[in-house]
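Asker: attaching a predicted model along with its sequence, questions to come.
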Amino acid sequence: MKGRAGEAVQLGEPVRDPAPIDGCDVCEALARERVAAGAVGDRSKVSDCNVEIRRHPHRT
Ligand SMILES: [Zn+2]
């Protein structure tokens with residue numbers, strides 16, 4: 001039996017936090033803030049930091 005075509009099966013794993021870009025001070029600062037926020041259980045702050053990191057523009 002197959003599931004619906006084209007649908008990825010989620011195994012309950014949370015969406016992975018975006019990784020900061022190496023050498024980017026802003027991303028590294030945000031990543032540190034995210035760790036600190038996670039340590040105190042501030043999930044909205046964690047998610048803010050994730051959004052910032054994801055949106056931070058980088059040249060490739
Ligand atoms: Zn960055």
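Answerer: Nice, thanks for sending it over. Nothing here was measured: the structure is a model prediction, and the numbers come from that model. Numbers count the residues shown, from 1 in each chain.

Asker: tell me the predicted confidence for Asp22.
Answerer: At Asp22, the pLDDT value in this model is 89.

Asker: for Pro57, helix, strand, or coil?
Answerer: Secondary structure for Pro57, judged by DSSP: H, G, I helix; E, B strand; the rest coil, is coil.

Asker: name the nearest residue to the residue nearest in space to the middle of the chain, ignoring sequence neighbours.
Answerer: Ranked by distance to the mean C-alpha position of the chain (C-alpha atoms, centre = their mean), the top residue is Asp17 at 2.4 Å. Spatially, and ignoring its direct neighbours in sequence, Asp17 is nearest to Asn50 (5.5 Å; C-beta to C-beta, 6 or more residues apart in numbering). From N, CA and C alone the C-beta is placed, and that goes for glycine too.

Asker: that neighbour contacts Arg34, doesn't it?
Answerer: Yes: at 6.7 Å, Asn50 and Arg34 qualify as touching, with contact defined as C-beta atoms under 8 Å.

Asker: show me the shaky parts of the protein.
Answerer: Residue ranges of the chain with pLDDT under 70: 1-15, 60.

Asker: residues of it that sit close to the ion?
Answerer: Ile21, Cys24, Val26, Cys27, His56 (C-beta under 5 Å from the ion).

Asker: can you get me a residue count around the nearest residue to the second one once chain neighbours are set aside?
Answerer: So the one you mean is Cys24. In space, and not counting its chain neighbours, Cys24 is closest to His58: 6.6 Å by C-beta to C-beta, 6+ apart. Using other C-beta atoms under 10 Å, His58 has 9 neighbouring residues.

Asker: no further queries at this time; thank you.
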